[in-house]
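S.K.: Okay, sequence plus prediction incoming.
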Amino acid sequence: MTEIENRMLSDATFQAERAEVLKTWPSGGTVDFDAAVAVQAALPPEKRFALALAEADAEGRTLLQPRAGVALIREHEALLNGLSPYCDVLPTTIDAYTRHNRYAEAQEGIDRSRAAGTSLLNGFPAVNHGVDGCRRLVDALSKPVQVRHGTPDARLLAEITLAAGFSSFEGGGISYNIPYAKHVPLERSIRHWQYCDRLVGRFEEAGIRINREPFGPLTGTLVPPFVSHVVAIVEGLLALEQGVRCLTLGYGQAGNLAQDIAALRSLRRLANHYFLNAGFTDYKLTTVFHQWMGGFPEDEAQATAVICLGALVARQARATKIIVKTPHEAAGVPTLEANQAGLKATRQMVNMISDQNRVDSPDIQTEIDVIEAEVHAVMREILRLGRGDVARGIVQAFASGVMDVPFAPARANLGKLTPVRDNFGAIRLFDAGHVPLPDDVLAFHRDKIAERARAERREPSFNMVVDDVRAISASKLVGRPA
Amino acid sequence: MTEIENRMLSDATFQAERAEVLKTWPSGGTVDFDAAVAVQAALPPEKRFALALAEADAEGRTLLQPRAGVALIREHEALLNGLSPYCDVLPTTIDAYTRHNRYAEAQEGIDRSRAAGTSLLNGFPAVNHGVDGCRRLVDALSKPVQVRHGTPDARLLAEITLAAGFSSFEGGGISYNIPYAKHVPLERSIRHWQYCDRLVGRFEEAGIRINREPFGPLTGTLVPPFVSHVVAIVEGLLALEQGVRCLTLGYGQAGNLAQDIAALRSLRRLANHYFLNAGFTDYKLTTVFHQWMGGFPEDEAQATAVICLGALVARQARATKIIVKTPHEAAGVPTLEANQAGLKATRQMVNMISDQNRVDSPDIQTEIDVIEAEVHAVMREILRLGRGDVARGIVQAFASGVMDVPFAPARANLGKLTPVRDNFGAIRLFDAGHVPLPDDVLAFHRDKIAERARAERREPSFNMVVDDVRAISASKLVGRPA
Amino acid sequence: MDEAARSYKIVLGVIGADCHAVGNRILTAVLTRGGIEVVNLGVMVSQEEFIEAAIAEDAGAILVSSIYGHGELDCQNFRARCEERGLGDIVLYVGGNLVIGKQDFATVEARFREMGFDRVFPPSVDLEQVIGLLRADIDARRPMALGHNSGRFVVEARA
Amino acid sequence: MDEAARSYKIVLGVIGADCHAVGNRILTAVLTRGGIEVVNLGVMVSQEEFIEAAIAEDAGAILVSSIYGHGELDCQNFRARCEERGLGDIVLYVGGNLVIGKQDFATVEARFREMGFDRVFPPSVDLEQVIGLLRADIDARRPMALGHNSGRFVVEARA
Ligand code: B12
Ligand code: B12
């Protein structure tokens, strides 16, 4: 593989690659770009993701989106139509075999699910169902629908689902590798996602706006805001380069209200800063807030409280969209009813907060300052490492630990950075690993953690981290000693 | 009846009255004060309400308390013991017949409930069960238990329950009349509550601290904070005069976060101001926050979101205690499970907020300023009307509309004051009635309502009020036109 | 119009020892806005008071609210009492949180219809719909009003 | 102490295409803290990899996590494969969100025990308890270890 670079794929490169991609599973044979454009062009306005986002953004509304995916088309259709009245935009969550391009195993899952009369897959195997199956699905819905997955190589998945009328595609070469894969080299997944982004860019050039959403929360577990912000910004830059023009950047709830509001506010500002500086002006940027992505409490009432806190802060921070959890989160893939319950609780909370005073405080401003300093420091180093090329830079940054995602399974991630909560529940750095943060920022983290350590009368250690990881499911924000 | 005055009842008056009170239902015959003191003195520390409150206050914790009451002793005991693991202090909600001293009807309810095998009463008829029945109950519990009711004349109820080991008694001559009765003259209920307070004062003098809690939320429906604050302060003064020394003042959630936080913060400060000014120094003051007391959404997930918002703001405002609602609120008296669910959701939210940054903002400060100006203005007029006597003053204030509770059923209440939400959901005065607020405060209300009217392109009117009353159950805070 | 308004007169109140006053205020406001003449007895109204008022006001319907859970106890024999007082045909509605706890509405409805109520409503009822039903039910129970109405129709058609 | 630690050696991993890495990190930390020697294979581990590692490391138990819902598909024939490779007696634990959706744990447990797992754990399991069970189960499955253990007891008693 030649060295990765952040440059738009040429038509020749794209077309040659495309021929190969479509051969990787029989259903690829039915994909045709012109037909795909026609399918997209025929979608009524209420089924276009980019429109829903643009309207919500203009009107200051917050859209709700659940997660949902089961093995069989008819069941999946029923599931989405059961959710539709309670949400604004629809998902289709892809199963884990498809995410790893293990289509044969996915097929086995489909067959066994048919036999068992219940879904044995944790998502919808869109590649196996093919363009026709996916189109049947899209036709049966009345709201925009997005592909949500976790696929390092999503090229075939993108070809098939976009040809079928899905109008938004989640993921990115970093965010769908580091938290989701083990052995996939980062340059490879980034290269595969350049393909996906270029495909979306080609739709854009054909007059079809497809929304792209890098996956914000990463591992969902004590991720410091600057870490996910850097990934979001870099994936945004990579997507823009391939012609993507409708971007939704994400953030996963950390739990501390001031930090969460600061994170969402700074995300928009920082992204615009880097996008404009890279010479892009004609894009549409929106944000998505993920309700708590770490371990949930088992009890459904407690889980609903976690959901409600996320709904509140998402709305206080004026996110364009919320990805909604369910009271079944800790147990397993939710039933329709549990999913509806999550949406209804979220809607009630969002509605009650919608009209209220804008929230501001010195604490929020401090968090914004810290996040911005962190992001700028890491971005500077990424650009230095890549000699101005952000694709090359991010690969080297991960290799050297300049970028480091906590609790990530990927070999491509160093795994030295270790987060821990401070005395107020905000996420700080217990160990910054090799991430080149300014001294005053590091001192800030140290002081904050020391404050907690004093309050708990114990030394900061990995035990504290373990306690924090388990805290929310144990009904606390900060994992204090018993 | 001689004119009411705020003066400690003499022993002779009290004893003579007592003889009459204990005759009003056969179970009164078994009450003996010395025996009652002995029962209270024998309570272990973990069953003393005043202790639980004092400890929570000292440690900055927030106690949770449900509502619960069914017709029969055994069932009620099972209910409370089922709730006990999820809360900190226990309630016993009294049925509505007992609240109106209709003990014969309560007896019928008991008998029919026995026959039906299910409670046909909306609470626990403590007077009918008598001292022995109530003692059996208290003995079977392991946490402090409070009498919660709505009784204009609670003298016999207080005698019986305090003799049985209940260690806290809710209510007051205003707060248990205006929202709960129709024909009861205010001077009469105040006089009857002087008796209850004097009874508690006598326990205090005998070395037994009984907690007293005026009922904060009143009608629970768009009550402006100053209205409930004035009632709380006046009832506090009346109770202190009779020798009560452990007071918990209450406030019902209004829905706007800034206003709610301001309300709870100002309540403590204002109460201390008036109590100290009246010469009392040796009392213990705590606060109780009632989760939304108006109409709830029918859907349980939505109801849980309302509960969670209340839990959040109660904890942000550092209330000493939260009265917890349930997902069944809109439907009917909750099952044990629904009650547990409300407690679990509340606990999760309180825990997640507990460690977080103190919330402060200019909006909160503005609300505090407004509330303080309002309370001082009304208190000044009450004292003027009563020629320094707060009991006389409050009666005249209600008669003339200087004090006025919205949506109250009592004839003793003028009912001219009409609240409405502003554009941010805070409760303002659409019509101040005869309440003598300063001009700048009235102008503030007017401006705030005009701002909303402009946003909704309609004139402020009673239709707007009707919309606001129904808003939360229709999933909104502000009742906007469709 | 004045005449039309007078012809839909109802007595409204909250029965028993029930103090819930908010729904009563809302009902009064919405029904009045909908052209119904409301004689509002407020909260804590006994069966006798309802019946007295209905007779005195010559009302076409009695709307009973019960919110606090004692509805079953408080509403017993209401229809029989009406009959005793010569109001056997009056339209009787009941609504609110009629029983203790969250119960299946169909069985609650059946129980109260058994007790002689013409219609039974949960708290979530759409009040605009109630106005329509009320007009229809009052008209249907008013035999001589039929002629009167059709006469009026002719007059209006001429005008 | 060093010897005691070596005698409780286990292989740990997350099976199939499952990428959930957090529980695996927590398990490693808590088991290690509890004196268990953990050979951690991380996420996305195949049955073969588990078995190879158990043989190579002479482990007393294999702890399989499945979090993502495909546990039923991924764990099939695990015990049979172990037997094929001469690990018929190895202690086999499985835990996590083993099936799709919120299902009654007792039936899930039965299904996985049927598949040959010695113990089956829900996500909410107390890990301190697991440490105790693990020691006991490994000891029980180690016939020659019995003599070794009692020998050691004598040695220790002498020291
Ligand atoms: C964080 C998370 C993610 C992160 C994971 C990041 C990472 N790489 O680690 C991301 C966002 C990437 C992710 C992705 C997916 N996830 Co996920 N995820 C979660 C979540 C929220 C928390 C998991 C966690 O970290 N918990 C904290 C740790 C400490 O707890 P734990 O994992 O349960 O492990 C403990 C116990 O289970 C136990 N244990 C585990 N194994 C064993 C073994 C033994 C022998 C013993 C004794 C004990 C034991 O001890 C562990 C330590 O305490 C859970 C839901 C939840 N639990 O709240 C869903 C959840 C596990 N995910 C789920 C799914 C389906 C997926 C996806 C397929 C996407 C989708 N369809 O939604 C993909 C999986 C892709 C793949 N290839 O695997 C489902 C599984 C459904 C089911 N079983 O029915 C869950 C339950 C959510 C849900 N309700 O739908 N997820
Ligand atoms: C506010 C409130 C109070 C306030 C009332 C202030 C006041 N004076 O008005 C206070 C705090 C004083 C109070 C007291 C009590 N309350 Co209360 N209260 C409520 C609450 C939260 C809201 C009621 C309300 O105002 N809703 C808004 C209005 C607009 O709606 P509404 O009352 O339902 O009325 C509408 C409809 O029902 C319908 N409707 C009503 N009647 C009719 C009739 C017809 C013919 C039609 C067509 C329609 C119709 O139209 C109305 C207008 O939209 C409800 C729970 C809820 N709904 O969320 C509990 C509730 C009604 N209360 C309840 C109880 C039990 C009590 C108490 C006994 C205390 C206790 N045990 O908890 C006391 C009663 C004392 C007494 N003597 O009555 C229970 C009733 C239980 C049951 N039926 O199983 C409820 C349901 C709470 C619960 N889940 O336990 N309460």
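M.R.: Thanks, I have the structure now. Numbering: from 1, shown residues only, chains lettered A, B, ... in the order given. Ligands and ions are numbered 1, 2, ... in the order given.
S.K.: List the neighbours of stretch A:258-267 that are in contact with it.
M.R.: Stretch A:258-267 has contacts (Cβ atoms under 8 Å, 6 or more residues apart in numbering or on different chains) with A:225, A:229, A:232, A:249, A:251, A:253-254, A:287, A:289, A:313-314, A:316-319, A:359, A:361, A:363-368, A:371-372, A:375, A:424, A:426-427, B:356-357. (Glycine included, C-beta is placed from N, CA and C.)
S.K.: Please tell me how far residue A:228 sits from residue C:49.
M.R.: Per Cβ to Cβ, to the nearest Å, residue A:228 is found 66 Å from residue C:49.
S.K.: Comparing these two, which residue is more hemmed in?
M.R.: Counting neighbours by other Cβ atoms under 10 Å in any protein chain shown for residue A:228 and for residue C:49 shows that residue A:228 has the greater number, 27 against 15.
S.K.: rewinding a little: are any of the contacts of stretch A:258-267 buried, and which?
M.R.: A:225, A:229, A:232, A:249, A:251, A:253-254, A:287, A:289, A:313-314, A:316-319, A:359, A:361, A:363-364, A:366-368, A:371-372, A:375, A:424, A:426-427, B:356-357 (16 or more other Cβ atoms under 10 Å in any protein chain shown).
S.K.: Now intersect these with the helices, please.
M.R.: Filtering those for membership in helices, criterion DSSP state H, returns A:225, A:229, A:232, A:313-314, A:316, A:363-364, A:366-368, A:371-372, A:375.
S.K.: Roughly how far does the residue positioned nearest the centre of chain A sit from chain C?
M.R.: Taking Cα atoms, centre = their mean, the centroid of chain A lies closest to residue A:215, which sits 1.9 Å from it. For residue A:215, the distance to chain C (Cβ to the nearest Cβ, to the nearest Å) stands at 40 Å.
S.K.: thinking that residue is in contact with residue A:173, fair?
M.R.: No: here residue A:215 does not reach residue A:173: they are 10.6 Å apart, not a contact under Cβ atoms under 8 Å.
S.K.: What is the neighbour count of the nearest residue to residue A:88 once chain neighbours are set aside?
M.R.: In this structure, residue A:88 finds its nearest non-sequential neighbour in residue A:63, 3.9 Å apart by Cβ to Cβ, 6 or more residues apart in numbering or on different chains. Residues lying near residue A:63 (other Cβ under 10 Å) number 23.
S.K.: One more: residue A:277?
M.R.: 10.
S.K.: For the residue nearest to residue A:88, list each beta-bridge partner.
M.R.: In this entry, residue A:63 is beta-bridged to residue A:321, by DSSP bridges.
S.K.: Tell me the pLDDT of it.
M.R.: Note on residue A:63: pLDDT of 98.
S.K.: contacting residues for it?
M.R.: A:52, A:53, A:56, A:87, A:88, A:89, A:320, A:321, A:322 are the contacts of residue A:63 under Cβ under 8 Å, 6+ apart.
S.K.: Swap in 6 Å and give it another go.
M.R.: Contacts for residue A:63 (Cβ atoms under 6 Å, 6 or more residues apart in numbering or on different chains) come out as A:56, A:88, A:89, A:321.
S.K.: cool, residue C:46 as well?
M.R.: Shown in contact with residue C:46 (Cβ under 6 Å, 6+ apart): no residues.
S.K.: cutoff 8 Å now
M.R.: Here residue C:46 is in contact with C:15, C:16 (Cβ under 8 Å, 6+ apart).
S.K.: how much space is there between it and residue B:102?
M.R.: Residue C:46 sits 12 Å away from residue B:102, going by Cβ to Cβ.
S.K.: Count the residues that sit near the spatially closest residue to residue C:71 that is not a sequence neighbour.
M.R.: With Cβ to Cβ, 6+ apart as the criterion, residue C:71 has its nearest non-adjacent residue at 4.0 Å, and that residue is residue C:98. Here the count is done by other Cβ under 10 Å, and residue C:98 has 29 residues near it.
S.K.: Start from the N-terminal end of chain C and give the strands.
M.R.: Taking DSSP state E, the strands of chain C run over residues C:9-14, C:37-40, C:61-65, C:91-95, C:119-121.
S.K.: Out of those strands, which is closest to residue A:241?
M.R.: strand C:119-121 (61.7 Å; Cβ to Cβ).
S.K.: which residues touch the closest one?
M.R.: If you take Cβ under 8 Å, 6+ apart as the criterion, strand C:119-121 is touched by C:93, C:94, C:95, C:96, C:98, C:108, C:109, C:112, C:113, C:130, C:133, C:137.
S.K.: Apart from its neighbours in sequence, what residue is nearest the third one?
M.R.: Think residue C:95. residue C:121 (3.4 Å).
S.K.: shaky segments in chain C?
M.R.: C:1-6, C:143-159 (pLDDT under 70).
S.K.: Flag every residue of it that's near ligand 2.
M.R.: Applying Cβ under 6 Å from any ligand atom, one finds that chain C approaches ligand 2 through C:17-23, C:26-27, C:63, C:65, C:67-69, C:93-97, C:100-101, C:121, C:123, C:125, C:127, C:130.
S.K.: For chain C, which residues are neighbours of chain B?
M.R.: C:16-22, C:25-26, C:29-30, C:33, C:42-44, C:68-70, C:72-73, C:97, C:99-103, C:123-124 (Cβ under 8 Å from any Cβ of the partner chain).
S.K.: make it 6 Å
M.R.: C:17, C:19, C:21-22, C:26, C:29, C:43-44, C:68-69, C:97, C:100-102, C:124 (Cβ under 6 Å from any Cβ of the partner chain).
S.K.: ok, of the residues you listed, which come out buried?
M.R.: C:17, C:19, C:21-22, C:26, C:29, C:43-44, C:68-69, C:97, C:100-102.
S.K.: and the residue of the stretch 251-400 of chain A found nearest ligand 1, how many neighbours?
M.R.: Using Cβ to the nearest ligand atom, the single residue of the stretch 251-400 of chain A nearest to ligand 1 is residue A:332, 2.8 Å away. Look at residue A:332: counted by other Cβ under 10 Å, it has 21 neighbours.
S.K.: Then residue C:133?
M.R.: 15.
S.K.: how close does it sit to residue C:90?
M.R.: For residue C:133, the distance to residue C:90 - Cβ to Cβ - is 15 Å.
S.K.: now residue A:80
M.R.: Taking Cβ to Cβ, one finds residue A:80 at 50 Å from residue C:90.
S.K.: Between the two, point out the one with more neighbours.
M.R.: Higher neighbour count among residue A:80 and residue C:90: residue A:80, with 26 against 23, using other Cβ under 10 Å.
S.K.: From start to finish, how long is stretch C:43-52 in a straight line?
M.R.: 16 Å (Cα to Cα, to the nearest Å).
S.K.: Ok, stretch A:139-155 next?
M.R.: 23 Å.
S.K.: wait, does that stretch contact chain D?
M.R.: No: taking Cβ under 6 Å from any Cβ as the criterion, stretch A:139-155 and chain D are apart, separated by no less than 7.3 Å.
S.K.: quick one: buried residues of that stretch?
M.R.: Counting neighbours by 16+ other Cβ under 10 Å, stretch A:139-155 gives A:141, A:143-155 as buried.
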